[in-house]
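>>> The following block contains a protein sequence and its predicted model.
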Amino acid sequence: MAHFKPELLEKLIEVRGTSGDEGAIKDFILNYVNENKANWKSEVEVHHGEGFQDAIVLIFGKPRTAIFAHTDTIGFTVGYNNNLIKIGGPRTIDGMKLVGSDSQGEIETELMVIEDDEGNTTLKYVFDREIDRGTNLSFKPDFNLTDQHVQTPYLDNRLGVLNALTVCEDLENGAVVFSTYEEHGGGSVGFLGRFLYDNYKVRQALISDITWVTDGVQHDGGVAISMRDKAIPRRSFLNKIIALAKENKIKYQLEVESAGGSDGSMLQMTDLPFDWCFIGAPEDNVHSPTEKVYISDIEAMIELYKVLMKEI
Amino acid sequence: MAHFKPELLEKLIEVRGTSGDEGAIKDFILNYVNENKANWKSEVEVHHGEGFQDAIVLIFGKPRTAIFAHTDTIGFTVGYNNNLIKIGGPRTIDGMKLVGSDSQGEIETELMVIEDDEGNTTLKYVFDREIDRGTNLSFKPDFNLTDQHVQTPYLDNRLGVLNALTVCEDLENGAVVFSTYEEHGGGSVGFLGRFLYDNYKVRQALISDITWVTDGVQHDGGVAISMRDKAIPRRSFLNKIIALAKENKIKYQLEVESAGGSDGSMLQMTDLPFDWCFIGAPEDNVHSPTEKVYISDIEAMIELYKVLMKEI
Amino acid sequence: MAHFKPELLEKLIEVRGTSGDEGAIKDFILNYVNENKANWKSEVEVHHGEGFQDAIVLIFGKPRTAIFAHTDTIGFTVGYNNNLIKIGGPRTIDGMKLVGSDSQGEIETELMVIEDDEGNTTLKYVFDREIDRGTNLSFKPDFNLTDQHVQTPYLDNRLGVLNALTVCEDLENGAVVFSTYEEHGGGSVGFLGRFLYDNYKVRQALISDITWVTDGVQHDGGVAISMRDKAIPRRSFLNKIIALAKENKIKYQLEVESAGGSDGSMLQMTDLPFDWCFIGAPEDNVHSPTEKVYISDIEAMIELYKVLMKEI
């Protein structure tokens, strides 16, 4: 029953890919699929390239449900005068290590957070040369694994990607989507959903992403099934999922939040009749370089996805 | 000329249906359509179920224009520690009566509004037991009718639904859409609009919903034709509607607002070339349990819809 | 190499067209196309009317890329009690001259900005009669040309329209889209993009619009290629464009902003896999009646568009 593959997770986290710049992580996933698909239970059809931007869609058998796992990460863009502009919503901690590359080569730099008298914050990088305008920087990988938990930047959402790739191993009927742009306003879920709906009549989606440890959702409490965040999934779809989790004795916890969004809320805004539900392990230190998730929750997440992809 | 059916309105208001949880109100409307369609002037084609979520589309003859009436209501979701999270934008008044049901049965509870020293507000329910996480609560029905007005929760938008069902009685060509999710970010108007556009080339929409009494829009002033709220309908479509209202001597008033949205603004955001206009009676005490609308304005609303569905 | 046509720009600026009310500017552009297309290098197919609202699409040869130029402007709607409500985000300067027309004829009025003790601002018009509710007002044209620059209201975006019309002259393969509603929440780019994608497989867009003079983008610095604003274009598309600008020795500057949107961000939100990039001359006094752009930057903008429409 041990599904969790920390070595693959570590490799996924080493590949850079801020929103809009997912070319390298797309190539990594494509390569992984090609090297491993021979060992998967069912044949897979791989869709990517023209008309898919940097996203990938895997089709197994006759899909009724799609897993959406976003491949992009939060980070920063280099602006004018050593300023940094956020990509998505990274936490900003003075001295944070950031990496990237530009026309002059590899970069390892530090974030400087400058606060003025009125509490306004400016973000700058500290480096011995000017970095090319528009260069994307992301958290420096720093992978820490114990028997109990994993702690590293970008569990959100390379853990969601790992979950999706793990489910592929014995998936018979289903779609697996590696989406882009989730951290920064979205933009790929619409055409990916339309591809699934037009070609396979798929209109059920599970959002393989990572959520927050809160008053109601705890480490080691099981995978979180989100009953709502800022957006509200359809109650009848939610009820089916909760019933299956219960019936299959998977350790889960119910999340009810007022804020936060995902590929699910993006799907909701499309011209498509998708039902969706966010299901993921909870993490601490969200959107920081020290995101932390319990391994027991990762195992419960993978188990629930395996059940749901069969049953709904 | 008396079109207004208070008995049907009262029944519509008794059926619960917060955004995302519109199964019961869908069933009620479907049932009403099936029981009454034999008395309607024209044949109706009813679309619902797979691919429609909890929405319904009625097609009469060769439709050129669609009425959109949203069936969902505002309310609250039960969170952690007796907290309540808003669905849409309900007003919150200490002591408000809320109803719902969970695994242990029917619930009638009260809203408690707690304000801290910094003016932050927390919403809680007061009940003798814990309510299941994720349970939806809505205003307790309280229907009050006089010769002059009707006052009850959820005139927004069960009155818009009543208007649509009344127009069905002698509609020859047109579409009537019962949409979902309007109060909480939208999400059904896109696929419903696409269904109408792809199958019937419909690209005109009238938004059957309830607006606000303001400086410029008064009780008993007639049905409000909204020239804009946050969104701006196309001027040429607006001009046609205003000309027809004038020509047909229907009592109307022109609304010009800077804020507020509707299924109209949602249609505007789709990938569809829909013209739309919000047309509805004005109400006082918006989004509270004491919403109030004048009957003369309801009559003007129904009359104008009957004219427009014939003429545009 | 002198491409800039100030006479045509002046005429474009005289035609009113706030968001949602683009009928007159659509007619002007259609008329211009019909009168000039005989002199253009290639045949053009003109799409407009039913299903296009007040937008226009021109198709030349086999298009791979579309230019999007929005035709609408910012302005104000007349509300109740002499109040004005913004259309888009106009700057509001006490005494600004505004023009429009209503049932009683032509209007030339002035903006009055009233600030109360708490810093709240009310906008009113000063006129010797009441203006019809819902009337749209816009900045009074005031065209100023020197050898160095042009200064007038509505360079944003009549200059983007001028650029698009100029590129038409020797365009062999490409689409040119005159969109609507850009200044006020968008709403036409979705169906226009779908038309291009479904009929011509076009999924590359250049946003012909005007940007801001800032710390990093200066007058006479060349055309700005925007690496991001609030939205982030796909890096691989951006890299192609920058490489072509460099290769063709066109004077350009790279923009990196945290805020601002365009038809590009709207395209990003559709259900279509469009790559897009905002490319435009920078202006001072944005969204005021004294917008100012350098002619050298206009020339660079036209040159870059001509190259890109051939090469990407």
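Now that the structure is in, tell me what you want to look at. Numbering: from 1, shown residues only, chains lettered A, B, ... in the order given.
>>> Please count neighbours and contacts with C-alpha atoms only from this point.
Fine.
>>> Got the domain ranges for chain A?
Domain assignment for chain A by automatic domain parsing gives A:6-73+A:143-311, A:75-139.
>>> Adding mean pLDDT, distance to chain B and mean neighbour count, write the ones you listed out as CSV.
Below are the domains of chain A laid out as CSV (pLDDT from 0 to 100; distance: least, C-alpha to the nearest C-alpha, whole Å; neighbours: other C-alpha atoms under 10 Å in any protein chain shown):
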stretch, mean pLDDT, distance to chain B, mean neighbour count
domain A:6-73+A:143-311, 98, 4, 21
domain A:75-139, 97, 19, 17
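>>> I figured A:Leu9 was touching A:Leu162, is that so?
Yes - contact criterion C-alpha atoms under 8 Å: A:Leu9 and A:Leu162 qualify, at 6.3 Å.
>>> Leaving out chain neighbours, which residue sits closest to the closest residue to chain C within the stretch 51-200 of chain A?
Nearest to chain C, among the residues of the stretch 51-200 of chain A, is A:Gly190, at 3.9 Å (C-alpha to the nearest C-alpha). Excluding the flanking residues, the one nearest A:Gly190 by C-alpha to C-alpha, 6 or more residues apart in numbering or on different chains is C:Asp271, at 3.9 Å.
>>> Look up how far A:Thr65 lies from the one you found.
C:Asp271 is 19 Å from A:Thr65, where distance means C-alpha to C-alpha, to the nearest Å.
>>> in the stretch 1-150 of chain A, what residue is nearest chain C?
Per C-alpha to the nearest C-alpha, A:Gly20 is where the stretch 1-150 of chain A lies closest to chain C, at 4.6 Å.
>>> can you pull the contacts of that residue?
A:72, A:180-181, C:232-235 (C-alpha atoms under 8 Å, 6 or more residues apart in numbering or on different chains).
>>> what kind of secondary structure is A:Gln253 in?
Following DSSP: H, G, I helix; E, B strand; the rest coil, A:Gln253 is assigned to strand.
>>> Quick check, it in contact with A:Ile225.
Yes - contact criterion C-alpha under 8 Å: A:Gln253 and A:Ile225 qualify, at 6.2 Å.
>>> Quick one: name the residues of the stretch 151-300 of chain A near chain C.
For the stretch 151-300 of chain A, the contact set with chain C under C-alpha under 8 Å from any C-alpha of the partner chain comprises A:184-192, A:194, A:270-271.
>>> Take those residues and keep only those in helices.
The members of these that map onto helices under DSSP state H are A:189-192, A:194.
>>> could the domains of chain A be laid out in a markdown table, adding distance to C:Leu111?
Shown next, in a markdown table, are the domains of chain A (distance: least, C-alpha to C-alpha, whole Å):
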| stretch | distance to C:Leu111 |
| --- | --- |
| domain A:6-73+A:143-311 | 36 |
| domain A:75-139 | 33 |
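>>> gap between A:Ile87 and B:Leu196?
Separation of A:Ile87 from B:Leu196 (C-alpha to C-alpha) stands at 38 Å.
>>> In the stretch 201-312 of chain A, what residue spans correspond to strands?
Applying DSSP state E, counting those that start in this stretch to the stretch 201-312 of chain A gives strands spanning A:204-208, A:211-212, A:223-228, A:252-256, A:275-280, A:282-284, A:292-294.
>>> and of those strands, who's closest to C:Asp27?
C:Asp27 sits nearest to strand A:275-280 of all the strands of the stretch 201-312 of chain A, at 42.9 Å, using C-alpha to C-alpha.
>>> for A:Gly190, what are its contacts?
Shown in contact with A:Gly190 (C-alpha under 8 Å, 6+ apart): A:266-267, A:270-271, C:269-272.
>>> cutoff 7 Å now
The neighbours of A:Gly190, taking C-alpha atoms under 7 Å, 6 or more residues apart in numbering or on different chains as the test, are A:267, A:270, C:270-272.
>>> do A:Ala300 as well
Remark: with contacts taken as C-alpha under 7 Å, 6+ apart, A:Ala300 is in contact with A:222-223, A:250-251.
>>> of all the ones in helices among the residues of the stretch 151-300 of chain A next to chain C, which two lie farthest apart?
The distance between the two most remote of those (C-alpha to C-alpha) is 8.3 Å, for A:Val189 and A:Arg194.
>>> Next, A:Gly89: secondary structure please.
Following three-state DSSP, A:Gly89 is assigned to coil.
>>> where along chain A do the helices fall?
Taking DSSP H as the test, the helices found in chain A are A:6-14, A:23-36, A:155-167, A:189-200, A:235-247, A:263-268, A:295-311.
>>> need those helices in JSON lines with distance to B:Cys277, can you?
Formatted as JSON lines, the helices of chain A follow (distance: least, C-alpha to C-alpha, whole Å):
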{"stretch": "helix A:6-14", "distance to B:Cys277": "49"}
{"stretch": "helix A:23-36", "distance to B:Cys277": "43"}
{"stretch": "helix A:155-167", "distance to B:Cys277": "41"}
{"stretch": "helix A:189-200", "distance to B:Cys277": "26"}
{"stretch": "helix A:235-247", "distance to B:Cys277": "30"}
{"stretch": "helix A:263-268", "distance to B:Cys277": "23"}
{"stretch": "helix A:295-311", "distance to B:Cys277": "42"}
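>>> can you list the residues that contact stretch A:113-126?
Residues from elsewhere that reach stretch A:113-126 (C-alpha under 7 Å, 6+ apart): A:82-84, A:93-94, A:109-112.
>>> and if we set it to 8 Å?
So stretch A:113-126 is contacted by A:82-85, A:92-94, A:109-112 (C-alpha under 8 Å, 6+ apart).
>>> same thing with stretch A:174-181?
Here stretch A:174-181 makes contact (C-alpha under 8 Å, 6+ apart) with A:19-20, A:22, A:54-72, A:161, A:164, A:168, A:186-189, A:192, A:309.
>>> and with 6 Å instead?
A:19-20, A:55-60, A:63-72, A:187-188 (C-alpha atoms under 6 Å, 6 or more residues apart in numbering or on different chains).
>>> cool, stretch A:89-107 as well?
With C-alpha under 6 Å, 6+ apart as the test, stretch A:89-107 has contacts from A:74, A:108-113, A:137-140, A:287-288.
>>> swap the cut-off to 7 Å and go again
Outside stretch A:89-107, the residues touching it (C-alpha under 7 Å, 6+ apart) are A:74-75, A:108-113, A:131-132, A:135-140, A:287-288.
>>> what do you get for stretch A:197-216?
Contacts with stretch A:197-216, where a contact means C-alpha under 7 Å, 6+ apart, come from A:63-69, A:156-157, A:160, A:196, A:219, A:255, A:263-264, A:273-284, A:286, B:80.
>>> same thing with stretch A:57-68?
By C-alpha under 7 Å, 6+ apart, the residues outside stretch A:57-68 that reach it are A:42-48, A:164, A:171-179, A:200, A:202-208, A:309.
>>> Stretch A:38-45 now?
The contact list for stretch A:38-45 (C-alpha under 7 Å, 6+ apart) reads A:58-60, A:168-172.
>>> for that stretch, how far is the first residue from the last?
Separation of the first and last residues of stretch A:38-45 by C-alpha to C-alpha is 12 Å.
>>> ditto for stretch A:263-280
Stretch A:263-280 has an end-to-end distance of 13 Å (C-alpha to C-alpha).
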